[in-house]
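In: Take this sequence and fold it.
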Amino acid sequence: MKSTLPNGSLKAITDCYISIPRYKKIYMYILPDISDSKSAQYSDEAIIGRSSPFKTYSHSENRTISWTAYFMTTHDNPNRDGSAIMNLRNLRAIQSVTYPRDKPAPYAPPPVCSIKCGSILGNEELCVVLRSYTVKFPTDVSWDEETLLPYKFSVDMSWDVVYQSDQLPGWANIIDPDGWWNINN
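Out: Residues are numbered from 1 along each chain as shown. Alright, predicted model coming up:
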């Protein structure tokens, strides 16, 4: 797959994006750095006469996705993806989802977003909430005169995956989400 268009511009990765409610999808033009973590908690149960305790499953922790998005200014047109203005709008959209909504009720929680990057994180979009973000504005690159936004910058994000209570994943759904591997054999 080619990562650039015939004119040399970066090509959007249409299957790798952040979707924010009431805003457009933010497509990645550079593959993001992604890490996916989850942990399980076990309690030690001491038993008289055993050389080591039993491990009892207690619960699982949040599934956390770390996602570093890279933004690069490649166009002069302010209404086109890859412009400094559009990159600034995308940055503001990402930042906004850590703040509470003011409607329908005062101080409603921030919106639930969705992310997808091919099949790296699963075959379907993941519903996520943004726990934190960090923007890095490098000083060793050129910048846009109107916004003072560097032509290249990155945003580190930490997302927690959220599920509806009737759609919690289990072991079999993770190891065999499409039913192609019969786990009974």
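In: Tell me the helices and strands packed up against the longest helix belonging to the chain.
Out: The residue-count maximum for a helix in the chain (DSSP state H) belongs to helix 84-96. In terms of contacts (3 or more Cβ pairs under 8 Å, 6 or more residues apart in numbering; DSSP states H and E), helix 84-96 is packed against strand 25-28, strand 64-72, strand 126-136, strand 152-161. Heads up, the C-betas are built off the backbone N, CA and C, glycines and all.
In: dump the residue contacts of residue 29.
Out: Going by Cβ atoms under 8 Å, 6 or more residues apart in numbering, residue 29 touches 10-13, 70-72, 74, 81-82.
In: Of the residues you listed, which count as buried by neighbour count?
Out: Neighbour counting over those (16 or more other Cβ atoms under 10 Å) leaves 10, 12-13, 70-71, 74, 81-82 as the buried ones.
In: thinking residue 130 is in contact with residue 110, fair?
Out: Yes - taking Cβ atoms under 8 Å as the definition, residue 130 is a contact partner of residue 110 at 7.0 Å.
In: Starting from residue 55, give me the distance back to the residue sitting furthest away from the middle of the chain.
Out: Residue farthest from the centre of the chain, counting by Cα atoms, centre = their mean, is residue 49 at 47.8 Å. Applying Cβ to Cβ, to the nearest Å, the value for residue 49 to residue 55 is 17 Å.
In: now residue 169
Out: In this view, residue 169 and residue 55 are 22 Å apart by Cβ to Cβ.
In: Quick check: the residue farthest from the centre of the chain is in a helix.
Out: No - using DSSP: H, G, I helix; E, B strand; the rest coil, the secondary structure at residue 49 is coil, not a helix.
In: Dihedrals phi and psi, it?
Out: phi 90, psi 0 (degrees, to the nearest 10).
In: Same question for stretch 105-121: list its buried residues.
Out: Going by neighbour count (16+ other Cβ under 10 Å), the buried part of stretch 105-121 is 111, 113-117, 121.
In: I am finished for the moment; much appreciated.
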